[in-house]
Each structure stands twice: as structure tokens, then as C-alpha cells.
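Colleague: turn this into a model:
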Amino acid sequence: MYQMPIVAFQDRIEQLGKTGAYVSVVWQQPESLVFIARGRPYRSEFHINPSDEMMIMLKGEMRLHYRTPEGREEVAVIPEGAAIHTPAGIPHSPRFAPDAYALIQERARRPGEDDQFQWFCPRCDHLLHAEVFSVADYGKDPVSQAYRNFFESEDHRTCKGCGHVMPNALAPGQ
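Modeller: As a prediction, the model looks like this:
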């Protein structure tokens, strides 16, 4: 008989806090992916997910930056204990403190589906860089890999519109 998982969120939150990891996958099935995410102090990219997402703030507050179909950046504030639904294809950037935690539910990726991570110039809003990933296993933390690829390249961080160089948020002392 199949044992349905019972997950103690508080235990997962404590483990993330102790280890410094950003993601704890609760389960990953073909039609359902659920994980707890710890806030990242340097989050600045917009994620484009091929599936709908539901985010529930377990601890702390999230400021969900998103881009409208017209390209404007807007912000929705999600307080502790509240949830938000983000439809597939909407560029969004969940920003919350490292001591805050969110439960994320989305659909596991189907063959041929890619996630995209986009950065925009903080001065002129020109697209700086896009990373595209095929995410087969969310436990491998594709967000951290996208960040490394972006921040470790000064060319990726240099705006082709105005010449501004976005600082390397992963550099020591940043």
C-alpha cells in the first residue's frame, strides 16, 4: 500500500536554517512538485515557470515582484499565513528574508519544458540576461545555478542599453 507522506513543516524549516540550504523538496511527482524555500538575500531575477505556482508564506512576509503583460514591474505583498497564485508564464521574483519560509506548489516539468530566469537593469530596465534550464530535479536547486551563471559573468551583468554593471551579489562582502 502507498504511504502518503506526512511532512512536519517546522522540522524542514529548522533544517534549512541549520544547513543554510535554500530548498527542501517535500515531494516531487510527475504532476506535483512541493518544496519549502528559504529567502535569498540577493534575489533579483524574474522566474518564468511553465506551470502555475501557488506560494504560501509559512513564516515571514514575501514581496512578490512580477512583470505585467505590458512589461511593468509591480509588487504584491504576501503576509505570513497567506497564499498567492501565479499563472504559468508570468515573470515573477519572490523576495523574502533569509529567516522567512514559503511553501511552493507547482507541477513537475514535462519533457521539453524549460524554466527561464531573467535579470533586468536596475537603472534602465533593459533585459540584461536570461538563463534557460530544463529542470528535471528541483532538489538540485536550479535557482542557485542560474544565479552562479549570471553573477559570475561581468558580461551578463553589463547592460547593453546604458552600460551599467550590476554588482556581483555573490561576491564576498556584498
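Colleague: list the buried residues in the helix or strand of the chain with the lowest mean pLDDT.
Modeller: Sorting the helices and strands of the chain by mean pLDDT, DSSP states H and E puts helix 142-151 at the bottom, at a mean of 84. The neighbour-count check on helix 142-151 (16 or more other Cβ atoms under 10 Å) flags 142-143, 146-147, 150-151 as buried. C-betas here are computed from N, CA, C, even on glycine.
Colleague: now do the next helix or strand after it: which elements does it pack against?
Modeller: Going down the chain from helix 142-151, the next helix or strand is helix 154-157, by DSSP states H and E. The contact analysis (3 or more Cβ pairs under 8 Å, 6 or more residues apart in numbering; DSSP states H and E) places helix 154-157 against strand 127-133, helix 142-151.
Colleague: show the average pLDDT along helix 154-157.
Modeller: Confidence over helix 154-157 (mean pLDDT, whole number) is 96.
Colleague: ok now it, how far from the chain's centre?
Modeller: Here helix 154-157 is found 20 Å from its chain centre; the criterion is Cα atoms, centre = their mean, to the nearest Å.
Colleague: what's the answer for stretch 65-73, then?
Modeller: In terms of Cα atoms, centre = their mean, the centre of stretch 65-73 is set 16 Å apart from its chain centre.
Colleague: same check on stretch 105-112?
Modeller: With Cα atoms, centre = their mean, you get 15 Å for stretch 105-112.
Colleague: what's the answer for stretch 111-122, then?
Modeller: For stretch 111-122, the distance to the chain centre is 10 Å (Cα atoms, centre = their mean).
Colleague: about what we covered before: ok, which of the helices and strands packed on helix 154-157 comes nearest M55?
Modeller: Counting by Cβ to Cβ, M55 lies closest to helix 142-151 out of those; the figure is 13.8 Å.
Colleague: how far off centre is the closest one?
Modeller: Centroid separation for helix 142-151 versus its chain: 11 Å, with Cα atoms, centre = their mean.
Colleague: so where is the protein shaky, pLDDT-wise?
Modeller: For the chain, applying pLDDT under 70 flags the ranges 1, 138-140, 173-174.
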